[in-house]
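Asks: Here is my input, please return the structure:
(one chain, ligands or ions: 1)
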Amino acid sequence: MTERQHGEPRPADAIERHPGAPAPGSTIASHYRMCVGCGPDHPTGLHVTVVAGEGLTVAGTFTVTDDHQGAPGLAHGGMLSLAFDEVLGSLIWLIGKPAVTGHLETSYRRPVPVGTTLHIDAAVDRAEGRKIFMSATGRENAPDGPVSVAASAVFIVVPPTHFTDHGRPVAASELSEAAAKVAEVNP
Ligand SMILES: CCCCCCCCCC(=O)SCCNC(=O)CCNC(=O)[C@H](O)C(C)(C)COP(=O)(O)OP(=O)(O)OC[C@H]1O[C@@H](n2cnc3c(N)ncnc32)[C@H](O)[C@@H]1OP(=O)(O)O
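Replies: Sure, this is the predicted structure:
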């Protein structure tokens, strides 16, 4: 193997859809019922929903409610960032490797009023070692609406023990089947 020179970028690694990934068009189940991004039982969470796309892509939606305001009647930027973290994070279920957000950059292009549904398309762009580079755009009220927010992220692949080492124990019944497998939680 040829050694990299100092400062020389690492070549892109192959990254593929896992054979067990959710089929294109199918809903990706919420990984944890109380997740503030996607958990159906979180009282004020974003309730983001995500559908698997072709290849390494997903399509998510987030409807802004009164619980998500910053300025009166407008979505808080942190909530929008959260929605993107959630949709980008759901790409890991296509790859089949546990990974966490290392870096997330969000660009706010238009104010997002309460009542808006953001249509968020996200994709894996490339991988370098444990780093997975991703990007996403959020469009107002339709898949082809105007772009309100765009984001890019680097997720870092972690061992399954990351969640049990740093988090708290949780029953498998509180996680999706895929998340319980990834986090090695036994029923
Ligand atoms: C049960 C399943 C649940 C799924 C949950 C999904 C939830 C939605 C997504 C999230 O919100 S995750 C929560 C927010 N993120 C975190 O809490 C992560 C906190 N940070 C860490 O735990 C560690 O910093 C991290 C695991 C990301 C990295 O620590 P390591 O010690 O493993 O990394 P290391 O220093 O060995 O670096 C490995 C590579 O990653 C790069 N790297 C590390 N941290 C980075 C960073 N922050 N940004 C960009 N690159 C980073 C680093 O430069 C290096 O690149 P090279 O291989 O090219 O040298």
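Asks: rest of the way, CA atoms for contacts and neighbours
Replies: Will do.
Asks: Would you quantify the distance from Thr106 to His76?
Replies: 12 Å (C-alpha to C-alpha, to the nearest Å).
Asks: One more: His47?
Replies: His47 is 16 Å from His76, by C-alpha to C-alpha.
Asks: Kindly report the same for Met34.
Replies: Distance, Met34 to His76, by C-alpha to C-alpha: 21 Å.
Asks: Please say which of these two ends up with more neighbours.
Replies: Shown here are Met34 and His76; by other C-alpha atoms under 10 Å, His76 has more neighbours (20 against 17).
Asks: what residues are up against that one?
Replies: Contacts for His76 (C-alpha atoms under 8 Å, 6 or more residues apart in numbering) come out as 68-70.
Asks: Kindly report the same for Glu86.
Replies: Contact analysis of Glu86 by C-alpha under 8 Å, 6+ apart lists 37-38, 48.
Asks: switch to 7 Å and redo it
Replies: Contacts for Glu86 (C-alpha atoms under 7 Å, 6 or more residues apart in numbering) come out as Gly37.
Asks: Could you do Ala59 as well?
Replies: Contacts of Ala59 by C-alpha under 7 Å, 6+ apart are 50-53, 120-122.
Asks: at 10 Å what do you get?
Replies: 25, 27-28, 49-53, 87-88, 90-91, 119-123, 136-138, 143 (C-alpha atoms under 10 Å, 6 or more residues apart in numbering).
Asks: can you list residues touching both of Thr106 and His76?
Replies: Here Thr106 and His76 share the contacting residues Leu82, scored by C-alpha under 10 Å, 6+ apart.
Asks: Identify the residues contacting stretch 167-178?
Replies: 20-22, 28-35, 39, 93, 96, 161, 163-164, 179-187.
Asks: lowest-pLDDT helix or strand in this protein?
Replies: helix 177-182 (a mean of 86; mean pLDDT, DSSP states H and E).
Asks: Output that helix as CSV, nothing but the C-alphas.
Replies: The C-alpha trace of helix 177-182 is given here as CSV (Å, rounded to 0.1, in the frame of the first residue of the first chain):
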residue,chain,number,x,y,z
GLU,A,177,-35.8,-3.6,15.3
ALA,A,178,-32.9,-2.2,13.3
ALA,A,179,-31.8,0.1,16.2
ALA,A,180,-32.0,-2.7,18.7
LYS,A,181,-29.7,-4.7,16.5
VAL,A,182,-27.3,-1.8,15.9
